[in-house]
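Undergrad: Coordinates for the following, if possible.
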Amino acid sequence: MNCILLFDEDFVDSEKKVVRLSGRRKAHIDSVFRAEPGKEYRVGLLNGMMGCGKITGMTNETVEMSVSLSSPPPPPSPVILILALCRPKSLKKSIEAATSLGIKKIYIIESWRVEKSFWSSPLLEQDQLTEHIHLGLEQAKDTLLPVIEIRKRFRPFLEDEIPEIIKGTRALVAHPYECTTCPFQLDGPITLSIGPEGGFIPFEIELFKKQGFEAISLGERILRVEYAIPALLGRILR
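TA: You can find the predicted model right below:
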C-alpha cells in the first residue's frame, strides 16, 4: 500500500479534513507502517485529489488522521483494455496490474478457450472486482476508478460494439502465434486486446482483423495473462 485510499464515509467532520479508519487499512497502518501519532502518510480520496494524512489519534480499533488534499492523481493510461476472461486467480492479478498501470476502461469478454465455469466465479461480482481495483489504486498511488464492463457474447461484442470502441485509437490484438512483433513506444490512444492463455483461436483473430485490429506478438514465449499485460504495456507506451 503506497497510498491510503479514502472514501467519503471515512470523514468525521463537515469540512472533510479529518478521517477515521478501521479494518484492513487500520491493520496495514499498524503492521506495515508501524504507525504512531504525528506520522504522515500519502493519502488519496477515491475519484478525487491526493495529499497527506497525519495521524492525530489511535485506539485498538481505529486510527484518526487530519488530511490535506491538494494534488491531482497521475494521468490515466491512453489504453483501453479488452481482456478475455481468465482463471479467477489470474483475473485478480490482471485487474490489479491493469489498474496499477493506469488503465481506466476494461472489457472482460468471452472467447472460445474461456472455460464456461469461469463465468460463475464470485470474482465477477462488482464488490469483488472493486476490492482488487482498490488494491491496484493503492499500489500505484492513484485514486481514479477504472470502469469494468463484462460481455458474455464474443461475436456480437466484436461486430456491434468494437467499431465505436476503437474509433480514434490504434487497435492491437496480442496473439502468441503471430509473427508481427509488438510495436514500441506508440503515440496516441490504443485499444489492446489480450486473449486467454494460449491466445484467441484463429477464427477469433480473423474477426479482430476484419474490425481493424493488428495482430502482434511478444515472441516465442507464452505468458500468463497477468504477466502479458505489463509486458505489452511496457513496450507500446512511452
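Undergrad: Strands of the protein, start to end?
TA: Using DSSP state E, the strands of the chain run over 4-6, 18-21, 40-45, 50-58, 63-71, 79-84, 105-109, 147-151, 170-174, 190-194, 214-216.
Undergrad: So which of the ones you listed is nearest residue 134?
TA: Residue 134 sits nearest to strand 4-6 of all those, at 5.7 Å, using CB to CB. (Glycine included, C-beta is placed from N, CA and C.)
Undergrad: Residues touching stretch 47-60, excluding its own?
TA: The contact list for stretch 47-60, computed with CB atoms under 8 Å, 6 or more residues apart in numbering, reads 3-4, 6, 18-19, 29, 35-44, 63-73, 141, 143-145.
Undergrad: Only the buried members of those: can you turn that into a ChimeraX selection?
TA: Buried members of the contacts of stretch 47-60, defined by 16 or more other CB atoms under 10 Å, are picked up in ChimeraX with:
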select :3,4,6,18,19,29,35,41,43,44,63,64,65,67,69,73,141,143,144
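Undergrad: Show me how the record splits this protein into domains.
TA: 4-71, 79-236 (automatic domain parsing).
Undergrad: Most tightly packed of those?
TA: domain 79-236 (a mean of 17; mean count of other CB atoms under 10 Å).
Undergrad: State the mean pLDDT of it.
TA: This predicted structure assigns domain 79-236 an average pLDDT of 93.
Undergrad: Compute the first-to-last residue distance for it.
TA: 10 Å (CA to CA, to the nearest Å).
Undergrad: ok, back up a step: turn the strands of the chain into a markdown table, columns for distance to residue 133.
TA: A markdown table is the format used below for the strands of the chain (distance: least, CB to CB, whole Å):
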| stretch | distance to residue 133 |
| --- | --- |
| strand 4-6 | 10 |
| strand 18-21 | 19 |
| strand 40-45 | 13 |
| strand 50-58 | 17 |
| strand 63-71 | 20 |
| strand 79-84 | 13 |
| strand 105-109 | 9 |
| strand 147-151 | 8 |
| strand 170-174 | 22 |
| strand 190-194 | 18 |
| strand 214-216 | 27 |
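Undergrad: What distance do you get for the closest residue to residue 187 other than its chain neighbours to residue 4?
TA: Closest residue to residue 187 apart from its sequence neighbours, by CB to CB, 6 or more residues apart in numbering: residue 238 at 7.1 Å. Noted for residue 238: a distance of 30 Å to residue 4, by CB to CB, to the nearest Å.
Undergrad: can you check residue 79 too?
TA: Distance of residue 79 to residue 4, computed by CB to CB: 27 Å.
Undergrad: How about residue 199?
TA: Residue 199 sits 39 Å away from residue 4, going by CB to CB.
Undergrad: Check whether residue 6 really touches residue 42, as I assumed.
TA: No: assessed by CB atoms under 8 Å, residue 6 is found out of contact with residue 42, at 10.9 Å.
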